[in-house]
Every structure is written in C-alpha cells, then in structure tokens.
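K.L.:
build me a model:
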Amino acid sequence: MLQDALHRCRGYLERVDYRGYDPYDALLAPMWRAPLLRSARLLRRCAQQVLLRLPWNLRPLLGIPPGEDPVTLALALRGYAALWQLEPAQRPLWEQRLEELLLRLQRLRSPGWNAAWGYHFPWEARRMSLGAWEPTIVATGIVTDALFRLATVLGWELPALLCRNAAEELCKRFPTSINEPQRLCWAYSPHDRQQVLNATLFGARLCAQAVRLGAPVELLGIAERAVRFVVEHQLLNGAFPYAAGGDPRTWVDHFHTGYVLECLHAYEALTGDHRFHSALERGWEFYRRHLFTPEGIPRWSSRRRYPVDATACAEAIIVLSRFGALSAAHRVARWAVQHLQLPDGAFAYRRYRFWTVRIRYLRWSVAPMFAALAELLCCGDGAAHLD
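P.N.:
The predicted model follows:
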C-alpha cells in the first residue's frame, strides 16, 4: 500500500515538473506589483492570510502561476535518494532524476549568495518582509540536509561542496540575534533578529554536517553554542516553544517540534556529543505524549487536535522513524494515504473535523510526503520494531 502511494506521489511530482502552488504565495498575484500595494504591508499580510485560509484554490483566477521552489526540489531529492537505496534495479533512473534536481537547485540559489536558498514567493510576516528568493535559514537548512544525504548516500562531491559552502556562508554572513561565548542564535533571515528555536537548529545541523563532509572542525563549536541556546529554552515539561526572547509566539506545534527533535538527533549522531541527550529524551517524551491523538495521529499542537496537516504527517513519519518507532510511523503513513492522498497521487493540504482542504501544495504537502514515505520504506518493516 505504501509503496504504491509513494510511486503515485512521485508520478504526480514528475507530471507537474515539481512546480505548483504554495500556501503563502498570494503576493505573486500581479496586482501586488502596483506601486501603492508594494508597500502596503498590513494589507499584503491580510491578503496572504485570507488566501492561506480559503478552502478553495483561487490562485488561477488571481493570476498566480505555479512556482518552482528550492524546498520542493530538495524534498524530492531526498525522496529519490531514498529510492536509490530502496530500488537498486532502478538506480540509473533515480540518478538521472537526482542530477536534474541538483542542477536546478544550483540555479535557484539566492542572488548574491554562493550556497543559500529562499522561497520563490515574497512573504509578509509579522516581524519581517521578505522578497522572493531571499535566503532564510530554514529553507537553506532543508536544502542542505537533502544535499548532505546525496553526498553521503551516493558519494557525490558537488552536494558536499555546496554543504561546506553553505555552512561557511552561514557563519560569516548570516546575522545572529544572540552571539555570546556560550550560546548563539541565528536570525531567521538577513532582515530580522527573531529567536526561532527550530530555525537556529537548522544552522547547527548544517555546521555538523559540513564538518562530516570535510569542513573545519571549528564549526562544531558554533553548532554546540546554537544547541545550547535552544536547550536553555526548553520548558519544564520537555516542550520546545516556537520562539524565545520575549516573542509572544510561544506555542508548541507538531511539525516545528519535529524539526527540533530531528535536528537534535542529527547533531548528536554526527558529533558524538551526548551532553544534551537528556533534553532530547524529555523532548521526545513530550512529543509522543502530547502531540499525537490516542489513535496515533498527529495533532496540530499540544492544545489543538485539528487540522491534521500533511506537513505534520510527513514530519511525524520522519521523526518516529529516526527514533525507532517504526510501527507508529507506519500507522501515520497509512492514515495519511487513506485520508489525504488524492486520486492523482498528490496529497491534500489539511483535514479538519468535518471537511478536507484538497488544494495541492507542493512544498507543504506533496513533496514532504514523498520524502517521508520513501525514507520510511527504506527503514524496513515497522512491525518488527517496538514503539
């Protein structure tokens, strides 16, 4: 069942050439290029939020084109790297796909940067305005994680070089919101000083991955300072809030918690540094107890069950697999296939209590599920593992 779902999802991605809509792409509508609207931040943000929440896809009517996003390409690359391991007989085909995606990722680097990536759309947030393609630490971290997998699984030098360059550029050019001898927090983008915990851990993981690929060992000290900053902000119950530093966004949601656990797990595995293992264990315990329903389905947050989000499902599959809870990961995967996968192989955006938003968002829904299913099937039979 899951292998069939994986290849139907892959087929959809290939048919649309990895191009599609995004939950946050409202500002690509031609109307927002008008001089008066280009600087109307509040109006732009409201329009973005309205289109994000609508259950109907009005983007074709608004003139918003399907976009090619680096994160979509990176997640597809992760899926093909897993398929390369899973299906040896098809390796020439998967290598062809990987080479194509790697070239496209090079082309989509942020202008003026050697190895940094952003989203293909302009974005208005509460604390920043970002233009299309401007680098963010999250987009860069997702892309370089895919490149790291390609470098280690297939032994290719180009993705290893890009990872090393990205880590060097992160440490030399990317701003920090906290930079002290014992702790460090990178900003989310070059245009803000937010203290977003999962974002700074993407930077820590990148530094550790770059050292594994031959970068100077001094990067490990920088990674350790970033991890220390995040662990210092862990709550007593083991949860990791979204942001720190007086930021009111202290919620605890599923997929951002998943990012934190995934990055902490990778840091420990790559460096052999176990000083933060108790924090990782407490975070894992909170995650399993409070961010899943009794049936094992991902909750939206520690306080809300709905919506059940495709990205949360994908991240749950990945995190559960990393921690050895493979039967739980299979349970999430089967639920997502049965309730979110559409007849054409794509995955719907979200399922609410009484309805499902069936818009196909490549970066948010389709590509994450492709990567998650492929990596889960690489892990083998979940029935043989305890949770």
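K.L.:
what separates Ala312 from Arg193, distance-wise?
P.N.:
Taking CB to CB, to the nearest Å as the measure, Ala312 falls 28 Å from Arg193. Using the backbone N, CA and C atoms, a C-beta is placed for each residue, glycine as well.
K.L.:
look at those two and report which has more neighbours.
P.N.:
Ala312 (26 against 16; other CB atoms under 10 Å).
K.L.:
so who does the residue nearest to the spatial centre of the chain touch?
P.N.:
Nearest to the mean C-alpha position of the chain, counting by CA atoms, centre = their mean, stands Ile142 at 5.4 Å. By CB atoms under 8 Å, 6 or more residues apart in numbering, Ile142 lies in contact with 71, 74-75, 202.
K.L.:
kindly report the same for Phe255.
P.N.:
309, 311-312, 314-315.
K.L.:
dump the residues you listed into TSV; add distance to Arg8 and pLDDT as well.
P.N.:
Listed next are the contacts of Phe255 as TSV, based on distance: CB to CB, whole Å; pLDDT from 0 to 100:
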residue	distance to Arg8	pLDDT
Asp309	20	95
Thr311	19	98
Ala312	21	98
Ala314	15	98
Glu315	21	98
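K.L.:
just the buried ones from the residues you listed?
P.N.:
Neighbour counting by 16 or more other CB atoms under 10 Å classes 309, 311-312, 314-315 among the contacts of Phe255 as buried.
K.L.:
which ones among those residues map onto strands?
P.N.:
Within these, residues falling in strands by DSSP state E are Asp309.
K.L.:
if we can go back for a sec, could the contacts of Ile142 go into TSV alongside neighbour count, secondary structure and pLDDT?
P.N.:
Converted to TSV, the contacts of Ile142 look like this (neighbours: other CB atoms under 10 Å; DSSP: H, G, I helix; E, B strand; the rest coil; pLDDT from 0 to 100):
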residue	neighbour count	secondary structure	pLDDT
Val71	27	helix	98
Ala74	29	helix	98
Leu75	28	helix	98
Phe202	25	helix	98
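K.L.:
identify the farthest-apart pair in those.
P.N.:
Comparing every pair within the contacts of Ile142 by CB to CB identifies Leu75 and Phe202 as the most remote, at 14.2 Å.
K.L.:
how many neighbours does the nearest residue to Gly345 once chain neighbours are set aside have?
P.N.:
Excluding the flanking residues, the one nearest Gly345 by CB to CB, 6 or more residues apart in numbering is Arg8, at 3.4 Å. The criterion is other CB under 10 Å. On that basis, Arg8 has 17 neighbouring residues.
K.L.:
which stretches of the protein form strands?
P.N.:
With DSSP E as the criterion, the chain has strands at 19-20, 67-68, 123-125, 128-130, 176-179, 184-186, 308-309, 348-351, 356-360.
K.L.:
please identify the most buried of the ones you listed.
P.N.:
Of all these, strand 184-186 carries the top mean neighbour count, a mean of 26, counting by mean count of other CB atoms under 10 Å.
K.L.:
contacts for that strand?
P.N.:
With contact meaning CB under 8 Å, 6+ apart, strand 184-186 is reached by 137, 170, 174-179, 195, 199-200, 203, 222, 225-226, 229-230, 244-245.
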